[in-house]
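J.: below is the sequence, then the predicted model.
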Amino acid sequence: MPWVKNNPWLSGMLKSIQSGEPLYVLLFVSAIVFFCFFYISNSFSIRTKRRTNMRKLRGFIPGIRPGRNTAEYMNASCPRLRWSAGCTLAILCLIPDIMLHGIKLQHLPLVGNFIDATFPRFLLDGLNVQFYFGGTSLLIVVGVAMDTINQVEAQLIMRHYEGFTPRAGRIRGRRSSI
């Protein structure tokens, strides 16, 4: 594309959104957090569905009175859940990118020389690994592994399997009561 090479502003902009550049990392993390926040707010309607389901199933939050106090508590804690989920996903998706390319902070105007002298080289230049195992594939692998564990536990509990337990009693899942 010769028109990109002839335009210095456009070529500089395209260079600044390559993998490992600070602007790329900022846009990548902000997009992940935004879409995670958007998805969780659309999939969990706190005011209607969750509150009525808790009331129907006679569920409660320990230390919080049922009714309006529960709804207020859930409305106050849901944004924290959204932000923490978004930041966790962003970190999980950034790890492979940092391993491959590093974070190119050396050319920043005021702090570039300090960062270049003090930060470890593997963080700035990457580890130059020969395989690519991206954040999306990590999310898929972790999700499938957790689902498989839950299904195996459900099958063991459903069949009253009495192997693997130290006492000869029934195996309990993570969600069952004591």
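T.: Perfect, thanks for sending it.

J.: use CA for all of it now, contacts and neighbours both
T.: OK.

J.: now do the helices in the protein.
T.: Along the chain, counting by DSSP state H, helices occupy 2-6, 8-16, 22-43, 51-56, 68-101, 112-118, 121-125, 135-158.

J.: tell me the mean pLDDT over the third one?
T.: Just to be clear, that refers to helix 22-43. Mean pLDDT, computed over helix 22-43, is 85.

J.: over to the fifth one?
T.: Helix 68-101 shows a mean pLDDT of 83.

J.: circling back to that earlier point, including distance to residue 62 and mean neighbour count, could the helices of the chain go into CSV?
T.: What follows is the helices of the chain, written out as CSV (distance: least, C-alpha to C-alpha, whole Å; neighbours: other C-alpha atoms under 10 Å):
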stretch, distance to residue 62, mean neighbour count
helix 2-6, 61, 10
helix 8-16, 50, 12
helix 22-43, 24, 15
helix 51-56, 13, 13
helix 68-101, 10, 16
helix 112-118, 47, 13
helix 121-125, 43, 16
helix 135-158, 25, 13
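
J.: list the contacts of residue 97.
T.: Contacts for residue 97 (C-alpha atoms under 8 Å, 6 or more residues apart in numbering) come out as 19-20, 134.
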